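> sequence below, structure please.
(one chain, ligands or ions: 1)
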Amino acid sequence: MEGARVRTLAARAAGAGGFAPGGPLPCGVKISFTSSVTLERYFRIGLRVKTAHNGTMDPVSPLEQSLHAARALVLADLVAGEVAEADVVSLVEDSVVQRRWWVEQWPEGAGYVAGLVAQDVQDALLERYGRWPLCPVCGSGDPHALDVEPELGPDPHWVCHKAGVKVASVGSLGRATGSGTSSS
Ligand SMILES: [Zn+2]
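A predicted model of the protein is given here:
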């Protein structure tokens, strides 16, 4: 159990802030590759040091899956509203980049990412283009946008507050508006 022994020594050295008794590690001086990786992991758990770009990140971690799903869902809604142009898609990418940072700080929020990306894109579109997505439920009156509910939670939906109804899940707006993947 060489790894476990190194881990223990590394933790002890880090905790004591000095020499590990009997160990090969003068703390902070000429740490071997194995020890520095172990120490990095130790500090990441204990102190939330930013992940180093060491090439060992898993490309299909649950975090990445949630980001990938969020991107796909919001893009589907943009396609349904026929606003998925290149510069709009880049708004989604911008949001995903920011939310990757966010969810790295708070992994428990992975299930909330889709709703957050939807709101980010909605805000960005409001500045540049106008309201999105327009409510498909209310036939008359002022055109108004749908809102995401919950603002911070799992299973986000588009809702119309005027009519007081859930319109569709985020990612399923095409079915509610009749555009996109209609079978008729
Ligand atoms: Zn409405």
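> same question for the strand or helix carrying residue 98, mean pLDDT?
Per DSSP states H and E: residue 98 is located in helix 86-105. For helix 86-105, mean pLDDT rounds to 95.
> what's around residue 140, how many residues?
For residue 140, the neighbour count with other C-beta atoms under 10 Å is 4. Every residue, glycine included, has its C-beta placed from N, CA and C.
> so it: helix, strand or coil?
What DSSP: H, G, I helix; E, B strand; the rest coil gives for residue 140 is coil.
> what lies in contact with the helix holding residue 98?
48, 51, 63, 66-67, 70-71, 74-75, 78, 109-110, 113, 116-117, 120-121, 124-125, 129 (C-beta atoms under 8 Å, 6 or more residues apart in numbering).
> just the angle for the helix or strand hosting residue 74 relative to helix 86-105, thanks.
Using DSSP H and E, residue 74 sits within helix 62-80. Angle of helix 62-80 versus helix 86-105, following axes from the mean of the first three to the mean of the last three C-alpha atoms, to 10 degrees, is 150 degrees.
> that older thread, which elements pack onto the helix or strand following the helix holding residue 98?
Counting by DSSP H and E, the element after helix 86-105 in chain order, helix or strand, is helix 113-128. Secondary-structure packing of helix 113-128 (3 or more C-beta pairs under 8 Å, 6 or more residues apart in numbering; DSSP states H and E): helix 62-80, helix 86-105, strand 147-149.
> just the angle for the second one relative to helix 113-128, thanks.
For helix 86-105 against helix 113-128, the angle by the same axes, to 10 degrees is 140 degrees.
> now do the buried residues in helix 86-105.
Buried residues in helix 86-105, counting neighbours by 16 or more other C-beta atoms under 10 Å, are found at 88, 89, 91, 92, 95, 96, 99, 103.
> just the CA coordinates for that helix, please, in PDB.
Output of helix 86-105 as PDB, limited to C-alpha atoms (Å, rounded to 0.1, in the frame of the first residue of the first chain):
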ATOM      1  CA  ALA A  86     -24.600  31.700 -34.700                       C
ATOM      2  CA  ASP A  87     -24.300  34.700 -32.500                       C
ATOM      3  CA  VAL A  88     -27.200  33.400 -30.300                       C
ATOM      4  CA  VAL A  89     -25.500  30.000 -30.000                       C
ATOM      5  CA  SER A  90     -22.400  31.800 -28.800                       C
ATOM      6  CA  LEU A  91     -24.500  33.300 -26.000                       C
ATOM      7  CA  VAL A  92     -25.300  29.800 -24.900                       C
ATOM      8  CA  GLU A  93     -21.600  28.900 -25.000                       C
ATOM      9  CA  ASP A  94     -20.700  32.000 -22.900                       C
ATOM     10  CA  SER A  95     -23.200  31.000 -20.300                       C
ATOM     11  CA  VAL A  96     -22.000  27.400 -20.200                       C
ATOM     12  CA  VAL A  97     -18.500  28.600 -19.600                       C
ATOM     13  CA  GLN A  98     -19.600  30.700 -16.700                       C
ATOM     14  CA  ARG A  99     -21.800  28.000 -15.200                       C
ATOM     15  CA  ARG A 100     -18.900  25.500 -15.500                       C
ATOM     16  CA  TRP A 101     -17.000  27.700 -13.100                       C
ATOM     17  CA  TRP A 102     -20.100  28.100 -10.900                       C
ATOM     18  CA  VAL A 103     -20.800  24.300 -10.600                       C
ATOM     19  CA  GLU A 104     -17.200  23.600 -10.000                       C
ATOM     20  CA  GLN A 105     -17.500  25.700  -6.900                       C
END
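> thank you kindly, that will do.
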